[in-house]
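**Q** with the sequence up front, the predicted model follows.
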Amino acid sequence: MWFEPHFGEKMKKSDLKNTILFKGMAEEEIEECLREMNAFEKTYRKGSVILSAGKITSAMGLVREGSVTIESNDLWGNRTILSHISKGEFFAETYALLGEVMLVDAVANEDCRVLFLHVDRILSGRVSASKLTARLLRISAAKNLTLSSRSFHTAPKSARARILAYLNSVSLQRHAKEFDIPFDRQQMADYLNLERTNMSKELSKMQKEGLIRFRKNHFKLIENDECAGGSI
């Protein structure tokens, strides 16, 4: 892990206006919120653990560059990926607000830059929270929806049903039948709670049967009336 902290005026605020937490705020308001929440930035190398299970954090993270995965890693080396946090999205907000011990790790999915915000100061009354409280609720609700979606993806018993449930959900969210997913093959297996070799075999079968086409993390869903074919 490596980091380079930024404070005060060194921190760019213009692109924060597009996030759920600060949308519609003037730069002066954003600057005041950052100051009141003791905001600071750190950068991380791919694979670095940003926040660790078993620890307590008072700050939630906002991904400014790169991406982060939320993972459950046990003592026996088993990994389950719970969610993927893209640029402009938040993580660890519930743990930061409640002060509970983290049960998951936040890991840099690629080289990334994270803005940390001490949201516990909102509950303590040290931050002017009229705007922020409702927005934190929206962030929390969105995260609950993401976790609920994963439960839906991993509920089916067969590997094929899990793969189709996940790809169909991505298709619906993107309003497209052709798209990239944020996971490599091992991460996709860890997200769906599948053994990688078996999942890869099932993907190949589905492609031969004309259900999907794929290359690396790029997928295309094939409707019944489309011509089945090879990889794209």
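**A** Looks like it came in fine.

**Q** next helix or strand past the host helix or strand of residue 34?
**A** Element membership for residue 34 (DSSP states H and E) is helix 27-36. Helices and strands here follow DSSP H and E; after helix 27-36, the next one along the chain is strand 40-44.

**Q** what average pLDDT does that next one get?
**A** Taken as a whole, strand 40-44 carries a mean pLDDT of 96.

**Q** tell me the buried residues in the next helix or strand after it?
**A** Remark: after strand 40-44, the chain's next helix or strand is strand 49-51, criterion DSSP H and E. Along strand 49-51, these residues count as buried under the neighbour rule (16 or more other C-beta atoms under 10 Å): 50-51. C-beta: built from backbone N, CA, C; applies to glycine.

**Q** strand partners of strand 49-51, parallel vs antiparallel please.
**A** Using DSSP bridges, strand 49-51 pairs in its sheet with strand 105-108 (antiparallel).

**Q** how distant is the helix or strand that the strand it pairs with is followed by from the center of its chain?
**A** Per DSSP H and E, the first helix or strand lying C-terminal to strand 105-108 is strand 112-117. On the basis of C-alpha atoms, centre = their mean, to the nearest Å, strand 112-117 is displaced by 13 Å from the centre of the chain it belongs to.

**Q** contacting residues around strand 112-117?
**A** With C-beta atoms under 8 Å, 6 or more residues apart in numbering as the contact definition, strand 112-117 has outside contacts at 11, 16, 21, 34, 37, 39-44, 46, 50, 59-68, 96.
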